[in-house]
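> Dropping a prediction and its sequence here:
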Amino acid sequence: MNSSVKIIGFDLDQTLYPKSPEIDEAIQEYIYTRISAQHGCSIDESRKMFYLHYPASSGSKTLELLGVPNARDVVQEALERADIARFLQPSPQIVQLLNDIRTKYGSVSLLTGSDRPIAEKKLRALHIPLELFDLTLFGTPSKSTGEAYVEWLNYFKQKNKELQPNQFLYIGDRYSSDVEAPQKLGIQTWLVNNPPGKYPGIQTYSDLLSIRADLL
């Protein structure tokens, strides 16, 4: 990490909580409804169609093979909109980590593709106070297009015109939306809840708590 990092932001989905089979199934249930709508079939039939290809193919590739338009966007939408709050377990260690980062760096930001009501429901389930974050960006502007990251940069540069993009660090779990877009703007990026080494050149951690040693 560049030691000059001043501003730290986090993704929400599968970043502030770990993945689990129950969460994966809830996300896939959302995807089944999109397949069902595309083919005019039942949810059970859409599930069978999905598993003709998955997990040999990724979720987005499976949707492409089944003729669902904008497959990558549908998968991201499922991650953000599926009703998973009931499966989330609070972690006092993660809440403490966020508080410690805020104490050291002066602020913590949240940038998520989830709409505000859905994000707030997840945060309540995780026992993470919304007030912990000094800036929250929900749903739109989009992270995938980079608009959310531009707004994040501008918000803090209005407070300190000397800040540069490489003094921002964004921590997420998904390469396409949490690495590619911010890196184009010069923002540093880390991935969590991924196997280290999965993405060469990207600092990657198997779980969120592992970042403590490098940030605090």
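Everything's here; your move. Residues are numbered from 1 along each chain as shown.
> List the contacts of the least confident helix or strand in the chain by mean pLDDT.
Of all the helices and strands that make up the chain, helix 71-81 has the lowest average by mean pLDDT, DSSP states H and E, namely a mean of 84. Residues external to helix 71-81 that are found in contact with it (Cβ atoms under 8 Å, 6 or more residues apart in numbering): 13-14, 27-28, 30-31, 34, 59-64, 68, 112-115, 118, 139, 144, 174, 176-177. Every C-beta, even on glycine, is put in place using the N, C-alpha and C of the backbone.
> Pass me the low-pLDDT residue ranges in the protein, would you?
Low-confidence regions of the chain, defined here as pLDDT under 70, cover residues 1-3.
> tell me the domain boundaries of it?
Using automatic domain parsing, the domain parsing of the chain gives 7-17+88-215, 21-86.
> which stretches of this structure form strands?
Ranges of strands within the chain are 7-10, 109-112, 135-138, 168-172, 188-191, 203-204, based on DSSP state E.
> And the helices in the chain?
Taking DSSP state H to define them, one finds helices in the chain at 21-39, 43-50, 59-65, 71-81, 92-105, 116-126, 147-159, 175, 181-184, 212-215.
> could these go into a markdown table alongside distance to residue 194?
As requested, the helices of the chain are exported to a markdown table (distance: least, Cβ to Cβ, whole Å):
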| stretch | distance to residue 194 |
| --- | --- |
| helix 21-39 | 15 |
| helix 43-50 | 23 |
| helix 59-65 | 15 |
| helix 71-81 | 14 |
| helix 92-105 | 17 |
| helix 116-126 | 20 |
| helix 147-159 | 20 |
| helix 175 | 8 |
| helix 181-184 | 16 |
| helix 212-215 | 15 |
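> hang on, residue 47 packs against residue 33?
No - taking contact to mean Cβ atoms under 8 Å, the distance of 10.4 Å between residue 47 and residue 33 leaves them out of contact.
> Who has more neighbours out of these two?
residue 47 (16 against 13; other Cβ atoms under 10 Å).
> ok so, going back, in the least confident helix or strand of the chain, what's buried?
Neighbour-count burial for helix 71-81, with 16 or more other Cβ atoms under 10 Å as criterion, is recorded at 71-72, 74-81.
> Could you do stretch 174-191 as well?
Along stretch 174-191, these residues count as buried under the neighbour rule (16+ other Cβ under 10 Å): 174, 177-179, 181-183, 187-191.
> Just the CA trace of it, in PDB.
Listed next in PDB are the C-alpha coordinates belonging to stretch 174-191 (Å, rounded to 0.1, in the frame of the first residue of the first chain):
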ATOM      1  CA  ARG A 174     -15.400  -8.000  -7.000                       C
ATOM      2  CA  TYR A 175     -12.700  -7.300  -9.600                       C
ATOM      3  CA  SER A 176     -15.000  -5.800 -12.300                       C
ATOM      4  CA  SER A 177     -16.700  -3.200 -10.100                       C
ATOM      5  CA  ASP A 178     -14.300  -2.800  -7.200                       C
ATOM      6  CA  VAL A 179     -10.900  -2.700  -9.100                       C
ATOM      7  CA  GLU A 180     -11.200  -1.900 -12.800                       C
ATOM      8  CA  ALA A 181     -13.300   1.200 -12.400                       C
ATOM      9  CA  PRO A 182     -11.500   2.900  -9.500                       C
ATOM     10  CA  GLN A 183      -8.000   2.000 -10.900                       C
ATOM     11  CA  LYS A 184      -8.800   3.900 -14.100                       C
ATOM     12  CA  LEU A 185      -9.100   7.000 -11.900                       C
ATOM     13  CA  GLY A 186      -5.800   6.300 -10.100                       C
ATOM     14  CA  ILE A 187      -7.400   5.000  -6.900                       C
ATOM     15  CA  GLN A 188      -5.700   2.200  -5.000                       C
ATOM     16  CA  THR A 189      -7.700  -1.000  -4.600                       C
ATOM     17  CA  TRP A 190      -7.700  -4.100  -2.500                       C
ATOM     18  CA  LEU A 191      -9.800  -7.200  -2.700                       C
END
